[in-house]
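**Q** Just the structure for this:
(chains A and B)
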Amino acid sequence: MAANLHISISAETITKFGSLNYSNSLLTSTIVTVLMVAFFVLVNRSLDAKKKKPGALQNLAEFVIEGFNSMVQGVTGDEKKTRFFMPFFMSFFLFVLFNNWFGLLPGVGTVGFKETISGTEHAVLLENKVTVPVSEVQASTEEVAYEEEAAEHNEEAGEEHVEAESRSVFVPYLRAGTADLNTTLALGLFSQVMAQIVGIKYLGLSYFKKFFNFKDPIMFFVGILELVSEFSKILSYAFRLFGNIFAGEVLLVVISALIPLVVPMPFYGLELFVGFIQALVFALLSLVFFNVATISHDDH
Amino acid sequence: MYTEIAIGMVMSIGMIGPAIGLGLLVGKGLEAIGRNPEAAGKIQTNMILGMAFTEAIAIYALVVALILKFV
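**A** All right, here's what the predicted structure looks like:
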């Protein structure tokens, strides 16, 4: 049964633009981005100072933005910083949240096409577990060499080869954006780089005193630790989000393969909750790191 | 077969720390709520954040296990 489950740790390529692989998770995050941008453009269009009463859309948007604003205000405690950090906080939160939840929609990860493996010769050989170096095989006529190797392999593990021969990979059209390490790594990188920029903006070059301090040996080593932790934060962001969401998808797939009726429902609810919490954690962590970067090291 | 054993070891050993951490965290959180029920909302939010961090450590082990299994 386990063989029927479709679980792939990396996103699959749908189309190619030149040498750029356009993966299914990239497609999903594009859709999410377009929807989000469309919503806010719509809100912006509906704003009208002449109208006496705000419309439903404006009410909703104001409610959301006010909520985020008060949340950021609670962390920073400074009106100017809040105005600067709020857009980042909100876009991180909404982007991650909708990407997490998009992966839970029916059809995402289940609707797709079959792609037969038609890789390079090397890939085909690897697929058949041929260990002879490619150059050696290429030296003789390609077809013959392949047949020979295949025949040899057939004797060794008869059925396995037949399976490998007619092998096709299922490629879903959509895959949750955050269930791909590339997306989460990009988000983590952006957040950490932005934290450095915020630090430089608020403290100037004295921001780097945090990392390179030659006053006394203890502070010097603390600086090295700080420097390493800046890099480990990127990995921490990336793996936390990716791990949670991908693990959730695997959990749902396995549970629905075991017992397809009713039983997956509580897990579905759990995944909705996890998606929300992880979005909150990502956004809140970025906010806290931004805020920490603005505080001079001598102050605390 | 060695890979399967490795996966089992990664998950079992890797989960010990986060499990203890989560137990401590929730225990202390409930204790705090018991002492000061008015602050339940604030404590709960921070507790869930802390739980997410602790869980992240377990998730690292999980990612390693998944990579071992599927890559």
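
**Q** For the helix or strand hosting residue A:98, buried residues please.
**A** Assigned by DSSP states H and E, residue A:98 falls within helix A:79-102. Buried residues in helix A:79-102, defined by neighbour count with 16 or more other Cβ atoms under 10 Å in any protein chain shown: A:81-82, A:84-86, A:88-90, A:92-102. Every C-beta, even on glycine, is put in place using the N, C-alpha and C of the backbone.

**Q** on contacts alone, who are the packing partners of it?
**A** helix A:24-46, helix A:56-76, helix A:181-203, helix A:264-294 (3 or more Cβ pairs under 8 Å, 6 or more residues apart in numbering or on different chains; DSSP states H and E).

**Q** Throw those into JSON lines and include mean neighbour count, thanks.
**A** JSON lines is the format used below for these (neighbours: other Cβ atoms under 10 Å in any protein chain shown):
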{"stretch": "helix A:24-46", "mean neighbour count": "15"}
{"stretch": "helix A:56-76", "mean neighbour count": "14"}
{"stretch": "helix A:181-203", "mean neighbour count": "18"}
{"stretch": "helix A:264-294", "mean neighbour count": "19"}
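
**Q** Would you mind giving me the confidence score for residue 1?
**A** This is for chain A. We note a pLDDT of 45 for residue A:1 in this prediction.

**Q** my bad, chain B
**A** Reported pLDDT for residue B:1: 82.

**Q** and the spatially most central residue of chain B, what element?
**A** Nearest residue to the geometric centre of chain B (Cα atoms, centre = their mean): residue B:55, 3.1 Å. Using DSSP H and E, residue B:55 maps to helix B:40-70.

**Q** from the middle of its chain, how far away would that helix be?
**A** 5 Å (Cα atoms, centre = their mean, to the nearest Å).

**Q** gap between the residue nearest to the centre of chain B and chain A?
**A** Noted for residue B:55: a distance of 8 Å to chain A, by Cβ to the nearest Cβ, to the nearest Å.

**Q** related to what we said a few turns ago, can you put the helices and strands packed on helix A:79-102 in TSV and add mean pLDDT?
**A** Compiled in TSV, the helices and strands packed on helix A:79-102 are given as follows (pLDDT from 0 to 100):
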stretch	mean pLDDT
helix A:24-46	92
helix A:56-76	89
helix A:181-203	93
helix A:264-294	90
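
**Q** Tell me which of these sits nearest to chain B.
**A** helix A:264-294 (4.4 Å; Cβ to the nearest Cβ).

**Q** Report whether the closest one contacts chain B.
**A** Yes: Helix A:264-294 is in contact with chain B by Cβ under 8 Å from any Cβ of the partner chain, via A:277-278, A:280-281, A:284.

**Q** Just the closest of those to residue A:168, please.
**A** residue A:278 (33.3 Å; Cβ to Cβ).

**Q** quick one: average confidence on stretch B:38-45?
**A** Per-residue pLDDT over stretch B:38-45 has a mean of 83.

**Q** For stretch B:22-34, C-alpha coordinates in PDB please.
**A** Presented in PDB, the C-alpha positions along stretch B:22-34 are these (Å, rounded to 0.1, in the frame of the first residue of the first chain):
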ATOM      1  CA  LEU B  22       6.700  20.500  25.700                       C
ATOM      2  CA  GLY B  23       5.700  18.800  29.000                       C
ATOM      3  CA  LEU B  24       7.500  21.400  31.100                       C
ATOM      4  CA  LEU B  25       6.200  24.300  29.000                       C
ATOM      5  CA  VAL B  26       2.500  23.300  29.100                       C
ATOM      6  CA  GLY B  27       2.800  22.300  32.800                       C
ATOM      7  CA  LYS B  28       4.300  25.700  33.700                       C
ATOM      8  CA  GLY B  29       1.700  27.500  31.500                       C
ATOM      9  CA  LEU B  30      -1.200  25.700  33.200                       C
ATOM     10  CA  GLU B  31       0.400  26.400  36.600                       C
ATOM     11  CA  ALA B  32       0.600  30.100  35.700                       C
ATOM     12  CA  ILE B  33      -3.000  30.200  34.500                       C
ATOM     13  CA  GLY B  34      -4.000  28.500  37.800                       C
END
